[in-house]
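Colleague: Below are the sequence and a predicted model for it; my questions follow.
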Amino acid sequence: MKKKVIVLTGAGISAESGISTFRDSDGLWEQYRVEDVATHEAYLRNPELVLNFYNERRRQLFQVKPNEGHRQLVRLEERYDVHIITQNIDNLHEQAGSTNVLHLHGELTKARSDRNDNLIIDIGDRDIHLGDKAPDGAQLRPHIVWFGEAVPNIEPAAVLCEQADYFIVVGTSMNVYPAAGLIHYVPRSTPCYLVDPKAVPISRPITIFQEKAGTGVKKVVDALLSE
Ligand code: APR
């Protein structure tokens, strides 16, 4: 049986594709306030502003491509059972060709009913406007986990982390919970790797590649493929 590699990714892996991260100096949360665009309260207060924020993100996604970091993770599938747990709402891992991608914070290319969280539809590159209806007649909302909302995929993600033979973290500041807590489910004996140009606080032994995903992920992948 193939050994399992679990990869936790954040905004940093998509940075070299041209998508801004959130907390770097040129990050999205420098331009917008979380409370204005990324909470359910914001959506109730000013749905158009929130819909437009995600319409913008979606339009941008359709102008960019996966980068070397995404592509290198696909190579790992030659030898390993690879599962990517991503905090990203873009689909660049899928576009690069990764098979198993679990989205913790939702997906830009999907929308769901305001009334029924399980009624999810593919919208591709289409904008969502006020008045756009789900099949049940309710307003469509972005299929995004906003701050303060539950993270339905955290449980399957934790199970994957418990099964990790190798664990890789790429491009996340580890600021947002419960995603940042997933590392605590990884067995103590599991070798862990981190790729990030900044120092990220992680309280366990971990091999650090302090560089961008475009070069750093290849180093980790080469190491694992030569084991
Ligand atoms: N390669 C790798 N990492 C990079 C690169 C790069 N080219 N450029 C920046 N980074 C790193 C930064 O150093 C930082 O550690 O990516 C990380 C980005 O951190 P955040 O902006 O906080 O993004 P993330 O950790 O994914 O945020 C988590 O917060 O607002 C929410 O829901 C949003 O999913 C997101 C969550």
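Modeller: Sure, I can see it.
Colleague: Could you use CA atoms for every contact and neighbour count after this?
Modeller: Fine.
Colleague: Check what pLDDT residue 227 gets.
Modeller: Looking at residue 227, its pLDDT reads 89.
Colleague: which strands and helices sit next to the longest helix along the chain?
Modeller: When the chain is parsed with DSSP state H, its longest helix is helix 47-61. Where contact means 3 or more C-alpha pairs under 8 Å, 6 or more residues apart in numbering; DSSP states H and E, helix 47-61 is packed against helix 34-37, helix 40-45, strand 106-113, strand 140-144.
Colleague: Alpha carbons only: can I get the last one in PDB?
Modeller: What that stands for is strand 140-144. Extracted C-alpha coordinates of strand 140-144, given in PDB (Å, rounded to 0.1, in the frame of the first residue of the first chain):
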ATOM      1  CA  LEU A 140     -27.600  32.000  -4.000                       C
ATOM      2  CA  ARG A 141     -24.600  32.700  -1.800                       C
ATOM      3  CA  PRO A 142     -21.000  32.000  -2.400                       C
ATOM      4  CA  HIS A 143     -19.900  28.500  -1.200                       C
ATOM      5  CA  ILE A 144     -17.500  30.000   1.200                       C
END
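Colleague: pLDDT on it, on average?
Modeller: What strand 140-144 shows for mean pLDDT is 98.
Colleague: Would you mark the buried spots in the helix or strand that it is followed by?
Modeller: For strand 140-144, the succeeding helix or strand toward the C-terminus, using DSSP states H and E, is helix 154-162. By neighbour count on 16 or more other C-alpha atoms under 10 Å, the buried set for helix 154-162 is 154, 157-158, 160-162.
Colleague: Need the per-residue pLDDT for the spatially most distant residue from the centre of the chain.
Modeller: Most distant residue from the mean C-alpha position of the chain: residue 137, 29.5 Å away (C-alpha atoms, centre = their mean). pLDDT for residue 137: 98.
Colleague: show me what contacts it?
Modeller: Applying C-alpha atoms under 8 Å, 6 or more residues apart in numbering to residue 137 gives no contacts.
Colleague: who's in contact with residue 179?
Modeller: 87, 104, 154.
Colleague: If we check the ligand, which of these are in contact?
Modeller: Among the contacts of residue 179, the residues that sit close to the ligand (C-alpha under 6 Å from any ligand atom) are residue 87.
Colleague: Residue 169: which of the contacts of residue 179 is nearest?
Modeller: Using C-alpha to C-alpha, residue 87 comes nearest to residue 169 of the contacts of residue 179, at 11.3 Å.
Colleague: and that closest one, what is it in contact with?
Modeller: 8-11, 103-105, 179 are the contacts of residue 87 under C-alpha under 8 Å, 6+ apart.
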